[in-house]
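Q: My questions concern the predicted model and sequence given below.
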Amino acid sequence: MTSLAAVFEKARSEDRAALVGYLPAGFPTKDGAVAAASAMVDAGCDVIEIGLPYSDPLMDGPTIQDAVHRSLSNGTRIADVMRTVEGVAKTGAATLVMTYWNPIDQYGAARFARDLAGAGGVGTITPDLTPEEAGPWLEASREAGIETVFLVAPSSTEERIGIVADCCTGFVYAASLMGVTGARESVGLAAEGLVKRTRAHTTLPVCVGLGVGTGAQAAEVAAYADGVIVGSAFIRRLLDAPDESAGLFAVRELAAELAAGVRRR
């Protein structure tokens, strides 16, 4: 199992940002998710976020919603998410779960944290969990030895950034813009300023997500962030592919382009 600290240390030693890829478990199939994530790692992703499919994805744009719907239609459950994490972690990439709070709460915080650690996962990203309500999850994560990642946004006040950063252990997730996920023509203009503001409150790496979909955009973000997070662009490649083999080729090709981008910082 590769720790997040080791990932970011390696990236710093190579004078680049880390590349973080996202895919939901169970998409395009349960085995296909492991194959696609493994292809992304082979082509240059340092970290993989495995999404836990949820029926009410408040933060997700249409591309991820489509993939999550297909995953749920495939019968994906939390046990399948853990098996996906286990399969991806074997590649050597640091592997996290991105999930809304309700599934963890229903499963049991301590149980979820233990099972994730047992599967080789290094932590979670919980986009809708606020610091004020995070006490049980922070305790369960500490006991299981996994990292906790929370989000800051362009609208976050200085006080709020400080509160959120204090709850983070692996890195801080900086949302580049207000709104839902999805690749865009350009990355939000507020992203660089948000990274600078966040760094005033923490020594943890700050990674930028939402809107990145090309090597040029990855290079732009890598110039000021410690990590570049890409999700919808990978999913779109799989959705547009005529078959699984073509989908694997497409995500491998995109990962290679993005990996080259974070090295052009």
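A: Right, received. Where do you want to start?
Q: next structured bit after the helix-or-strand element of the chain with minimal mean pLDDT?
A: Lowest by mean pLDDT, DSSP states H and E among the helices and strands of the chain is helix 62-73, with a mean of 93. Going down the chain from helix 62-73, the next helix or strand is helix 78-89, by DSSP states H and E.
Q: Next, the buried residues of that following helix.
A: By 16 or more other Cβ atoms under 10 Å, the buried positions in helix 78-89 come out as I78, D80, V81, M82, R83, T84, V85, E86, G87, V88, A89. Every C-beta, even on glycine, is put in place using the N, C-alpha and C of the backbone.
Q: so what secondary structure elements neighbour that helix?
A: Under the contact definition 3 or more Cβ pairs under 8 Å, 6 or more residues apart in numbering; DSSP states H and E, helix 78-89 sits against helix 30-42, strand 47-51, strand 94-98, helix 109-118.
Q: Which one, of those, ends up nearest to C167?
A: Closest approach to C167 among the helices and strands packed on helix 78-89 (Cβ to Cβ): helix 109-118, 14.4 Å.
Q: which residues touch the closest residue to R237 other than its chain neighbours?
A: Nearest non-adjacent residue to R237, counting by Cβ to Cβ, 6 or more residues apart in numbering: A250, 3.8 Å away. Neighbouring residues of A250 by Cβ atoms under 8 Å, 6 or more residues apart in numbering: R237, L238, D240, A241.
Q: Got the phi and psi for the third one?
A: Just to be clear, that refers to D240. phi -80, psi -10 (degrees, to the nearest 10).
Q: Name the residues of stretch 147-163 that come out as buried.
A: Residues E147, T148, V149, F150, L151, V152, A153, P154, S156, I161, G162, I163 are the ones in stretch 147-163 that count as buried (16+ other Cβ under 10 Å).
Q: Need the contact partners of that stretch.
A: 4, 96, 122-127, 129, 131, 134, 137-138, 141, 164-165, 167-178, 188, 190-191, 193-194, 197-198, 200-201.
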